[in-house]
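K.L.:
need the 3D shape of this:
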Amino acid sequence: MLLELVATIAMGFAAAGIVLLLNKLMRGRLPRWIMPAAAGLSMIGYVVWSEYSWLSRMSASFPQGVEVVAVNAEQSFYRPWTYIWPLTNRLVAVDTRMNRRNEALPDLVMTRIVLRGRWQPGADIPVIYDCAGHRRAEMTSDVALAADGTPVGADWATVGPDDPALRTACGGGM
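P.N.:
Okay, the predicted model is just below:
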């Protein structure tokens, strides 16, 4: 957040510097209001670009095997343009590189869910998906694995068969 504030201020100074240079080249013919207007508009433009490009920049930073399965688009009254172009502020991804299966229990997949939010700390949550039963359980400290690999003490939540995280984690093993 601090780096984006610094970048926004730097953008304003850069735009003001360009206008100052143009004014020198034109021998002072530009109106006086043009420099603060250019600085302000460039700062607003940078902030809007930064907000709307967050999802693509964050997705591009993930290594291969981490797939975005859901996003949250926000609309707010103090940003009326978001009713036309909603602003994405959170995402859910499945890290398929972490998929683990037990040969004795082929319908169960242990993987990691990646949660990222704009201006929020990220979280990586280990989960178990039951591909055949269409359910999910978080791997908390209360969950243990029995000798045969069956999760004991898991709090299962039912998800639909079309749940994108379930489909990605199970990867055709459904």
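K.L.:
run through who's touching stretch 5-25.
P.N.:
29-30, 34-36, 38-43, 45-47, 50 (Cβ atoms under 8 Å, 6 or more residues apart in numbering). The C-beta positions use only the backbone N, C-alpha and C, and glycine is treated the same way.
K.L.:
err, stretch 54-64, not the other one
P.N.:
So stretch 54-64 is in contact with V68, V71, T88, N89, L91, A93, R97, V114, R116, R118, going by Cβ under 8 Å, 6+ apart.
K.L.:
are any of these buried, and which?
P.N.:
V68, V71, T88, N89, L91, A93, V114, R116, R118 (16 or more other Cβ atoms under 10 Å).
K.L.:
now those in TSV, with distance to M58 and secondary structure?
P.N.:
Putting the buried ones among the contacts of stretch 54-64 into TSV (distance: Cβ to Cβ, whole Å; DSSP: H, G, I helix; E, B strand; the rest coil) gives the following:
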residue	distance to M58	secondary structure
V68	8	strand
V71	10	strand
T88	9	strand
N89	11	strand
L91	7	strand
A93	9	strand
V114	10	strand
R116	6	strand
R118	8	coil
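K.L.:
which of the residues you listed lies closest to A144?
P.N.:
V114 (24.1 Å; Cβ to Cβ).
K.L.:
so the closest one bridges to which residues?
P.N.:
With DSSP bridges as the criterion, V114 is bridged to A93, D124.
K.L.:
in the chain, which spans are strands?
P.N.:
Along the chain, counting by DSSP state E, strands occupy 66-74, 87-102, 105-117, 120-130, 135-138, 144-145, 151-152, 157-158.
K.L.:
any chance of those in CSV, plus mean pLDDT?
P.N.:
Listed next are the strands of the chain as CSV, based on pLDDT from 0 to 100:
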stretch, mean pLDDT
strand 66-74, 95
strand 87-102, 95
strand 105-117, 95
strand 120-130, 95
strand 135-138, 96
strand 144-145, 90
strand 151-152, 92
strand 157-158, 96
